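1. Quick one: sequence plus predicted model below, questions after.
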Amino acid sequence: MRLNPFDTSKIDVGTTGGRGGVGKAGGIGCGTIILAALGYFVFGLDPMQTAATVESVQQGSAEQVPQNEDEQAICSSNAYATETCNALTSLNDTWARVFREQGLGDRFRQPGLRFATANQFQTGCGTGSVGMGPFYCPADQRIYIDVNFYDQLAQMSGNRGDFARYYVVAHEYGHHIQTITGISGQIASAQQQNPRAANQLQVRMELQADCYAGVWAGKNRNLIEPGDIEEGMQAAAAIGDDRLTGGRVSSENFTHGTSAQRSEALRAGLRGDDSVCDQYTNMG
């Protein structure tokens with residue numbers, strides 16, 4: 001995907017602190033991510049806390065975030081960081097325009113982006129770890145990414161195309177859209193009222209975020225290159241609950257959707273109409 005270069009005046013970027021650079025925080029494997037996923041699916045444990053606990057055995061306590069960071073240097077530190085900043089700039093521009101066109105410009109707020117450079121770090125949602133994979137924290141409205149995950153994603157999906165990585169960022173951005181539109185709060189309330197449906201409702205949230213990722217790509221279709229869509233579908237399928245758990249977890253305990261569901265949600269969004277994504281969280 002031929003994205004324009006990042007513009008630090010249009011994005012909020014930083015790191016989680018620590019002594020390592022972006023993409024050099026240490027070898028955090030899929031094993032920690034899978035353990036966190038299984039802990040959630042099977043025992044209902046918070047995946048953030050599970051991953052943090054696993055990593056803390058080897059890595060020690062969380063580190064402090066440095067102040068007055070050089071955003072240009074952070075985004076230019078390696079190819080993955082540059083791609084992520086390029087994507088964030090495009091996502092901000094695209095969704096700000098969508099909100100303006102719908103007369104909701106005053107409701108739009110940019111999310112922050114923090115690259116995981118400490119093995120453990122503090123977020124508004126609790127302790128984070130580079131082993132958790134990308135995530136969005138609604139409490140501080142930030143996206144957290146360890147760029148080493150992109151190599152893991154390539155191993156899982158079988159491709160190293162840039163669109164697969166952009167899909168990851170766009171999906172987490174989708175959770176930000178859900179936060180500022182109030183959808184996240186509505187789902188959380190519904191989960192509290194009906195705990196038995198909590199997983200099903202979470203799946204709806206994740207599929208809508210996939211759909212929003214597709215919307216972003218669809219509204220920038222002129223930048224899409226041959227093979228991009230296939231890369232996105234492969235990435236979405238690679239992180240479906242059925243594939244990640246390998247049959248060890250029943251479908252009732254899925255929280256993100258199957259490979260087929262995630263691919264279809266991304267495809268639906270590619271039409272470029274964000275209203276099509278309402279189907280996933282419509283409580284009517």
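-> Perfect, thanks for sending it.
2. helix, strand or coil for the most centrally placed residue in the chain?
-> Against the mean C-alpha coordinate of the chain, by CA atoms, centre = their mean, the closest residue is residue 172 at 2.8 Å. Here residue 172 is helix, with the state taken from DSSP: H, G, I helix; E, B strand; the rest coil.
3. packing partners for the helix or strand hosting residue 152?
-> Using DSSP states H and E, residue 152 falls within helix 148-157. Using 3 or more CB pairs under 8 Å, 6 or more residues apart in numbering; DSSP states H and E, the elements in contact with helix 148-157 are helix 30-43, helix 162-181, helix 228-238. Yep, even glycine has a C-beta here, placed from its N, CA and C like the rest.
4. Can you show me the helices along the protein?
-> Here the chain has its helices, by DSSP state H, at 30-43, 47-59, 71-75, 79-101, 148-157, 162-181, 183-193, 198-218, 228-238, 241-245, 259-269.
5. Residue 111 is nearest to which of these?
-> Among the helices of the chain, helix 162-181 comes nearest to residue 111, with 4.2 Å by CB to CB.
6. any idea how far the closest one is from the chain center?
-> 5 Å (CA atoms, centre = their mean, to the nearest Å).
7. Report the buried residues of that helix.
-> Within helix 162-181, the residues scored as buried using 16 or more other CB atoms under 10 Å are 162-180.
8. now swap in stretch 69-81 and tell me
-> 71, 74-75, 77-78, 80-81.
9. what about residue 224, neighbour count?
-> 16 (other CB atoms under 10 Å).
10. separation between it and residue 204?
-> 27 Å (CB to CB, to the nearest Å).
11. before we move on, what about residue 112?
-> Counting by CB to CB, the gap between residue 112 and residue 204 amounts to 25 Å.
12. show me what contacts residue 279?
-> Applying CB atoms under 8 Å, 6 or more residues apart in numbering to residue 279 gives the contacts residue 268.
13. Ignore what I typed, I meant residue 6.
-> The contact partners of residue 6, by CB under 8 Å, 6+ apart, come to 75, 82, 85-86, 88-89.
14. which of those are buried?
-> 75, 82, 85-86, 88-89.
15. Go through the residues you listed and name the one nearest residue 150.
-> Closest to residue 150, out of all of the buried ones among the contacts of residue 6 and judged by CB to CB, is residue 82, at 12.1 Å.
16. any idea of the pLDDT on that closest one?
-> As predicted, residue 82 sits at a pLDDT of 96.
17. Flag the shaky bits of the chain, pLDDT-wise.
-> For the chain, the stretches with pLDDT under 70 are 18-21, 23-68, 156-160, 233, 236-255, 257, 283-284.
18. quick revisit: tell me which of the buried ones among the contacts of residue 6 is nearest to residue 231?
-> Using CB to CB, residue 86 is the member of those that sits closest to residue 231, with 16.0 Å.
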